[in-house]
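> Pasted the sequence and its predicted model underneath.
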Amino acid sequence: MVGKNGLVRPDEFRKNAHALVDWIADYLERSADLPIVPAVAPGELKARLPASAPEAPEPFDELMADLDRIVVPGLTGWQNPGWFAYFPGNSSPPSLLAEMATAAFGQQGMMWATSPIATELEMVVLDWLVDLLGLPQGWKMSGPGGGAIQVSASDSSHLALVVSRHRAQATNPIDQLVAYTSAQSHSSIEKGARVAGFKHFRAIDVDDEFAMRPEALEAAIAADRESGLIPAFVCSTVGTTGTTATDPIEPIAAIARREGMWHHVDAAFVGSAMICPEFRVHQQGLELVDSYVFNPHKWLLTNFDCSVFYVADRQPLHETLSIVPPYLRSAAATSSEVVDYRDWQVPLGRRFRALKLWWVLRYYGAEGLRSVIRRHVALGHDLAARIEAEPDLELVAPARFSLVCFRHRAGNEATDRIVEAINSSGASYVTPSLIDERRFIRVSIGQTYTEAEHIDRLWKSIAGAL
């Protein structure tokens, strides 16, 4: 129990921690058998909770018991191997254990002086990723650029927009700046443009495979120039949310450089696949861009939050974000070896997120992570082949990675019946989507524990609905 000074005795903590780790291990073992969609109505879980906080301490056994009584019944099955919705939000045992250690350390990593190891470990691990993913060498911390761990791809993209606005508004009125991206890019790009104060946002047409058309971008820029507007930002996507389409980076980069625009690349999901050299054809031209983001917390077995943001040149970032009041100054900051990550993000505070990424990379090794990615991609290709062999079904987009998008040839209602059959099965869960008024089904294969048997169960539901 809690002592006079508010602290738990070490022996009591050890006992409780062991009980929790045992419970977590059991939860991971049974997660495949738990409902993917919680069978609760809105407000039902809230009603199970007391209306006010307890006055007296409660025994830890009661806290543990409420994991099963209240928490688990309200969990959505993101860690279920039948999870094919959205994109994965993965975890793994080494990442979970590192998160526990991080919580114990309680580090505030806003500056080198406030946590030297949180800073320097992040610098080294993100340099490792430059090599592992085949990214430009100038993005290492020894070069003009560098990397930082952010909360999400949305935060990273918003940050790129803020930097581009700051740079452009030095010589141009802010209300004349324009941001561009693909019509299939993530909604966070448009949201980020609003956050950054862009009054003009353009969604550029895509080709038959849903990738941005460079000629359409050029036409939109020319029209805006004619209207007296200033192109300031463009985002290419490597792996769109809808279909994992990949925008052509090199021609877009050529346009961006000619126009003096900031060029950002969003590779939130697909970026992890670049640990496998055979997929790097989709990122050709990265040496020409200004910033880049991918999420290890989607497909690299590292639990949320862990979004990696790189810049080719860190100077614009610092010029935009660095404000140094007296209480944030330190003697260490004058050293060329020191990085203060508060200048790489909008918030001041930051967690020690590099530890879990470090443990994942060491525990599985590059070969182990490549094996996971390749297994998921192979499962996706197998499912795509089954769909192509079924006369009633058709692929909506190429299955380049592990996302498979398909529909019923009979139209939207028939497609919706398949969605209902899958999601009511209890064994699998998918999210439908829509392009040009055509409904289709996204099967996002990438959950840590998904194997061939789970694809077989999914296919059984699909075939049963035909």
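Right, received. Where do you want to start? Bear in mind that the values here come from a model prediction, so they are computed numbers and not experimental data.

> Residue 465 and residue 408, how far apart?
Using CB to CB, to the nearest Å, one gets 8 Å for the distance from residue 465 to residue 408. C-beta coordinates here come from the backbone N, C-alpha and C atoms, glycine included.

> Spit out the residues that contact those two alike.
Common contact partners of residue 465 and residue 408 (CB atoms under 8 Å, 6 or more residues apart in numbering): 417, 418.

> okay, these two: which has more neighbours?
Between residue 465 and residue 408, residue 408 has the larger neighbour count (other CB atoms under 10 Å), namely 23 against 19.

> quick one: the helices in the stretch 1-150 of the chain?
Assigned by DSSP state H, counting those that start in this stretch, the helices in the stretch 1-150 of the chain fall at 10-30, 44-47, 60-66, 93-105, 116-132.

> Check the model's average confidence along the last one for me.
Over the span of helix 116-132, the pLDDT mean works out to 96.

> next one: the third one
Model confidence over helix 60-66 averages 94 on the pLDDT scale.

> again with the first one
Helix 10-30 carries an average pLDDT of 92.

> Now find how far off-centre it is within its chain.
Relative to its chain's centre, helix 10-30 lies at 28 Å (CA atoms, centre = their mean, to the nearest Å).

> Tell me the helices and strands packed up against it.
Contacts defined by 3 or more CB pairs under 8 Å, 6 or more residues apart in numbering; DSSP states H and E place helix 10-30 against helix 60-66.

> So for the helix it packs on, what gets flagged as buried?
residue 60 (16 or more other CB atoms under 10 Å).

> Now it - C-alpha only, PDB.
C-alpha atoms of helix 60-66 as PDB (Å, rounded to 0.1, in the frame of the first residue of the first chain):
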ATOM      1  CA  PHE A  60      -3.800  -2.900  -6.300                       C
ATOM      2  CA  ASP A  61      -5.800  -6.100  -6.800                       C
ATOM      3  CA  GLU A  62      -8.900  -4.000  -7.400                       C
ATOM      4  CA  LEU A  63      -7.100  -1.900 -10.000                       C
ATOM      5  CA  MET A  64      -6.000  -5.100 -11.800                       C
ATOM      6  CA  ALA A  65      -9.500  -6.600 -11.600                       C
ATOM      7  CA  ASP A  66     -10.900  -3.600 -13.300                       C
END
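
> What is the distance between it and the centre of its chain?
From the chain centre to the centre of helix 60-66 is a distance of 32 Å (CA atoms, centre = their mean).

> contacts for it?
Applying CB under 8 Å, 6+ apart, the contact partners of helix 60-66 are 12, 16, 19, 20, 23.

> burial measure for the second one, as a count.
What it means is residue 16. Residue 16 is flanked by 16 other residues according to other CB under 10 Å.

> Could you say which of the helices of the stretch 1-150 of the chain is packed most deeply?
Ranked by mean neighbour count, these are led by helix 116-132 with a mean of 19 (mean count of other CB atoms under 10 Å).

> gap between the most centrally placed residue in the chain and residue 370?
Nearest to the mean C-alpha position of the chain, by CA atoms, centre = their mean, lies residue 295 at 3.7 Å. According to CB to CB, residue 295 and residue 370 sit 18 Å apart.

> Tell me which stretches of the stretch 201-350 of the chain form strands.
Assigned by DSSP state E, counting those that start in this stretch, the strands in the stretch 201-350 of the chain fall at 230-237, 262-266, 291-294, 307-311.

> Of those strands, which is nearest residue 28?
Residue 28 lies closest to strand 307-311 among the strands of the stretch 201-350 of the chain, at 23.8 Å (CB to CB).

> Which other helices and strands does that closest one contact?
Judged by 3+ CB pairs under 8 Å, 6+ apart, strand 307-311 is in contact with helix 116-132, strand 146-150, helix 153-168, strand 291-294, helix 296-299.

> In CSV, list these along with distance to residue 374.
Compiled in CSV, the helices and strands packed on strand 307-311 are given as follows (distance: least, CB to CB, whole Å):
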stretch, distance to residue 374
helix 116-132, 15
strand 146-150, 25
helix 153-168, 23
strand 291-294, 17
helix 296-299, 12
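
> can you tell me which of those comes nearest to residue 253?
It's strand 291-294; of the helices and strands packed on strand 307-311, that one is closest to residue 253 (CB to CB) at 11.7 Å.

> Can you list the low-confidence ranges for the stretch 201-350 of the chain?
Within the stretch 201-350 of the chain, the segments meeting pLDDT under 70 span 325-328, 331-336.

> at 50 instead, please
Applying pLDDT under 50 to the stretch 201-350 of the chain flags no residue at all.

> In it, what residue spans correspond to helices?
214-226, 249-259, 296-299, 315-321.

> From residue 128, how far off is residue 361?
Distance, residue 361 to residue 128, by CB to CB: 6 Å.
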